[in-house]
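>>> 3D, please:
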Amino acid sequence: MTQTTTRVLGPGDLGAALAVLDSDPVANAFVASRVQVAGLDPWRLGGEMWGWYAGGELRSLCYAGANLVPVCAEPEAVRAFAERARRSGRRCSSIVGPAEPTAELWRLLEPSWGPARDVRPHQPLMATDRLSRDVQPDPYVRRVRKDEMDVIMPACVAMFTEEVGVSPLAGDGGLLYQARVAELVGSGRAFARFADGKVVFKAEIGAATPQACQIQGVWVAPEYRGRGLSETGMAAVLRYALTDTAPVVSLYVNDYNLPARASYRRVGFRETGAFMSVLF
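The predicted model follows:
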């Protein structure tokens with residue numbers, strides 16, 4: 001019989017954890033980006049990294065922080081992670097990851113953690129490694145400067161509230177969210193088009209590794225929708241991402257958002273998998 005075990009990983013496990021993450025750099029971009037910057041020390045990582053071993057080999061991971069994220073999780077690993085999560089109690093605001101293991105993880109956790117505020121069972125994961133030949137980048141989309149935080153924040157709050165269903169200003173007054181936006185702006189990974197002192201399009205490169213990066217927070221001001229700004233804006237952000245960040249660019253989108261999915265396809269993204277999100 002194959003002996004299995006689950007434990008919290010530490011700095012000495014970094015090499016093995018990175019090998020698991022590197023097995024699917026596009027799907028694992030979020031967790032990999034955190035680990036490559038912070039290592040596996042829980043304080044720096046902002047949560048624990050659980051590892052599942054089979055026959056002495058690290059095979060699956062689960063990031064347990066503000067999000068619970070299964071990584072390369074085999075069925076037996078999912079069951080082990082669910083048991084550990086039940087014992088720990090819910091501390092996360094969401095469960096998110098590849099659709100199949102996330103669905104099983106939620107099935108096991110729902111009796112003790114439910115009900116969820118929202119469950120999004122199928123969110124297409126889309127990726128590309130080249131610029132579109134059909135959509136020209138918007139020349140007015142540029143990096144957001146540090147002195148433009150007061151202009152970009154209202155757009156970020158509007159996007160988050162529209163997408164997630166709650167304001168990021170709830171709870172701590174938005175301190176953590178503002179710090180995250182400031183981090184993206186400071187690292188040159190926030191992009192926008194401005195008009196009359198307001199943001200009309202924005203997006204960020206939220207997770208980035210040398211192998212892949214992930215675009216997030218795509219938003220067009222309501223009064224500017226229907227003008228094609230999401231396509232030309234995304235083409236501009238894609239150009240920045242491929243030139244400066246990583247050779248593969250990804251994002252995931254709600255399956256019911258048909259206009260966005262069509263827009264991303266026109267920019268060159270293709271569906272490569274599916275994510276699932278459980279929001280609390």
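>>> Regarding D24, what is its secondary structure?
On the three-state scheme (DSSP: H, G, I helix; E, B strand; the rest coil), D24 is labelled coil.
>>> What are the boundaries of the helices in the stretch 1-150 of the chain?
According to DSSP state H, counting those that start in this stretch, the stretch 1-150 of the chain carries its helices in the segments 14-22, 29-38, 42-45, 75-88, 99-113, 149-164.
>>> Nearest residue to A192 in space, please, no chain neighbours.
K202 (4.2 Å; CB to CB, 6 or more residues apart in numbering). In short, each C-beta sits where N, CA and C put it, glycine included.
>>> repeat for R34
Nearest residue to R34, sequence neighbours excluded (CB to CB, 6+ apart): L45, at 6.1 Å.
>>> so what's the one you found up against?
Residues near L45 by CB atoms under 8 Å, 6 or more residues apart in numbering: R34, V35, A38, G39, Y63, G65.
>>> Looking at those residues, spot the one nearest D196.
Nearest to D196 among these: R34, at 36.9 Å, using CB to CB.
>>> So for that closest one, what pLDDT did the model give?
According to the prediction, R34 has pLDDT 96.
>>> Hmm, A66 and it touching each other?
No - assessed by CB atoms under 8 Å, R34 is found out of contact with A66, at 10.5 Å.
>>> Comparing those two, which residue is more hemmed in?
A count of neighbours by other CB atoms under 10 Å puts R34 above the other of R34 and A66, at 22 against 13.
>>> Next one: the more buried one from V151, what distance?
According to CB to CB, to the nearest Å, R34 and V151 sit 28 Å apart.
>>> May I see the buried residues of stretch 140-147?
Buried residues in stretch 140-147, counted by 16 or more other CB atoms under 10 Å: V141, V144.
>>> That stretch: end-to-end distance?
Stretch 140-147 has its terminal residues 18 Å apart, counting by CA to CA, to the nearest Å.
>>> now do stretch 12-29
21 Å.
>>> likewise stretch 159-177?
12 Å.
>>> Please enumerate residues in contact with it?
Contacts of stretch 159-177 (CB under 8 Å, 6+ apart): R117, D118, C156, V157, K202, G217, V218, W219, L279.
>>> and the third one, what pLDDT?
You'll see C156 listed with a pLDDT of 97.
>>> how near is it to A29?
20 Å.
>>> do the same with the fifth one
The spacing between K202 and A29, counted by CB to CB, is 20 Å.
>>> ditto for the first one
Noted for R117: a distance of 25 Å to A29, by CB to CB.
>>> got it, and the last one?
Remark: distance between L279 and A29 (CB to CB) = 20 Å.
>>> Compare the two (neighbour count), which wins?
A29 (25 against 15).
>>> follow-up on the earlier one: let's have the helices of the stretch 1-150 of the chain in a markdown table, adding distance to E231.
Shown next, in a markdown table, are these (distance: least, CB to CB, whole Å):
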| stretch | distance to E231 |
| --- | --- |
| helix 14-22 | 31 |
| helix 29-38 | 23 |
| helix 42-45 | 36 |
| helix 75-88 | 37 |
| helix 99-113 | 26 |
| helix 149-164 | 17 |
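>>> Give me whichever of those is most buried.
helix 29-38 (a mean of 21; mean count of other CB atoms under 10 Å).
>>> Figure out how far that helix is from the centre of its chain.
11 Å (CA atoms, centre = their mean, to the nearest Å).
>>> Please apply the same query to stretch 170-189.
15 Å.
>>> what comes up buried for that stretch?
G174, Y177, Q178, V181, L184, V185, R189.
>>> Next one, pLDDT for the residue nearest to R34 please.
Reading off the model, L45 has pLDDT 95.
>>> do you know how far it is from Y252?
For L45, the distance to Y252 - CB to CB - is 22 Å.
>>> before we move on, what about M276?
Taking CB to CB, one finds M276 at 10 Å from Y252.
>>> okay, and the common contacts of the two?
Looking at what touches both M276 and Y252 (by CB under 8 Å, 6+ apart), the common residues are Q123.
>>> Can you name the residues that contact V157?
So V157 contacts S167, P168, L169, G174, Y177 (CB under 8 Å, 6+ apart).
>>> again, only using 7 Å
V157 makes contact with S167, P168, L169, according to CB atoms under 7 Å, 6 or more residues apart in numbering.
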